[in-house]
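# no letters, just coordinates:
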């Protein structure tokens, strides 16, 4: 009797091991494939040309319809009144090795391939995975808004609401208001005043961390079951032999 149960235990264990191998491989492969599958490159972006009334492209889907409507109205009025065109883009994830700056510059050159087309253009981009921002401007814009102010819009005005709970709608509206003021010839309102606050580590995990942890827990649980149950069964029957 003991020999029979021992043989059953070995066969069951081999079966479960064969069953687990594809599952483990699938879990590992899905983790490797998920990141690049969600990445965005400039060739995936819709084509936009100077003069086209497309002002906001929210591929990351972080903006509300109300905010997107306000931004489009403000930027459309700015273009009609001053000839300066601002376009705002959100992306979910960058390709490996790409930065917000390199992506923005490549997209700027794709949309406006000549210095003449670039002259009155401003492109503001954010990668919502890292919350890194970047801005590109044409030569005619620089006489109104120097590079240091443009960088301040991207790195200060945009990022202040993001540090306060990923407030993307507020970040873009604040950046839009500042850009409209500067490009309309009004005084620069400057970046927001940020008060120093004691940072307390949050106790809530992000959605990505939760998904990763859940997958890990499931794999570990299955492995434990696959190992413990056959052993428990074997020793249970061994006790009655």
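Perfect, thanks for sending it. Just so we're clear, the structure is a prediction, and the values are computed from it rather than from any experiment.

# now for residue 153: which residues touch it?
Taking C-beta atoms under 8 Å, 6 or more residues apart in numbering as the criterion, residue 153 is in contact with 124, 135, 175, 178, 179, 191. To be clear about C-beta, it is placed using only N, CA and C from the backbone, and glycine gets the same treatment.

# change it to 10 Å
86, 122, 124, 133, 135, 137, 145, 174-176, 178-179, 182, 188, 191 (C-beta atoms under 10 Å, 6 or more residues apart in numbering).

# flag whichever of those residues scores worst on pLDDT.
Ranked by pLDDT, the contacts of residue 153 bottom out at residue 191, which scores 93.

# identify the residues contacting that residue.
So residue 191 contacts 149, 152, 153, 155, 156, 157, 158, 159, 160, 174, 178 (C-beta under 10 Å, 6+ apart).

# in PyMOL, select just the buried ones from the contacts of residue 153.
The buried residues among the contacts of residue 153 can be selected in PyMOL (16 or more other C-beta atoms under 10 Å) with this line:
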select buried, resi 86+122+124+133+135+137+145+174+175+176+178+179+182+191
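
# ok, the contacts of residue 153 vs residue 98, which is closest?
Nearest to residue 98, judged by C-beta to C-beta, of these is residue 133 at 14.1 Å.

# if we can go back for a sec, show me the contacts of residue 153 that map onto strands.
86, 122, 124, 133, 135, 137 (DSSP state E).

# need those in JSON lines (columns: distance to residue 45).
JSON lines is the format used below for the ones in strands among the contacts of residue 153 (distance: C-beta to C-beta, whole Å):
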{"residue": "86", "distance to residue 45": "16"}
{"residue": "122", "distance to residue 45": "16"}
{"residue": "124", "distance to residue 45": "14"}
{"residue": "133", "distance to residue 45": "17"}
{"residue": "135", "distance to residue 45": "16"}
{"residue": "137", "distance to residue 45": "18"}
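
# now, which of these sits nearest residue 114?
Scanning those for proximity to residue 114, where the rule is C-beta to C-beta, the winner is residue 137, at 15.2 Å.

# returning to that earlier point: just the closest of the ones in strands among the contacts of residue 153 to residue 115, please.
Of these, the one sitting nearest to residue 115 (C-beta to C-beta) turns out to be residue 137, at 12.3 Å.

# just checking, the closest one touches residue 87?
No. Counting by C-beta atoms under 10 Å, residue 137 does not reach residue 87; the two are 11.4 Å apart.

# between the two, what contacts are shared?
108, 121, 122, 123, 124.

# turn the residues you listed into a markdown table, columns for distance to residue 71.
Formatted as a markdown table, the shared contacts of residue 137 and residue 87 follow (distance: C-beta to C-beta, whole Å):
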| residue | distance to residue 71 |
| --- | --- |
| 108 | 19 |
| 121 | 16 |
| 122 | 13 |
| 123 | 14 |
| 124 | 10 |
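
# how about the residue lying closest to residue 47 once chain neighbours are set aside, what does it touch?
Excluding its sequence neighbours, the residue lying closest to residue 47 (C-beta to C-beta, 6 or more residues apart in numbering) is residue 111, at 7.2 Å. Residue 111 makes contact with 42, 45-50, 52, 54, 87, 89, 117-118, 121, 123, 136, according to C-beta under 10 Å, 6+ apart.

# mark which of those are buried, thanks.
Applying 16+ other C-beta under 10 Å to the contacts of residue 111 flags 42, 45, 48, 50, 87, 89, 117, 118, 121, 123, 136 as buried.
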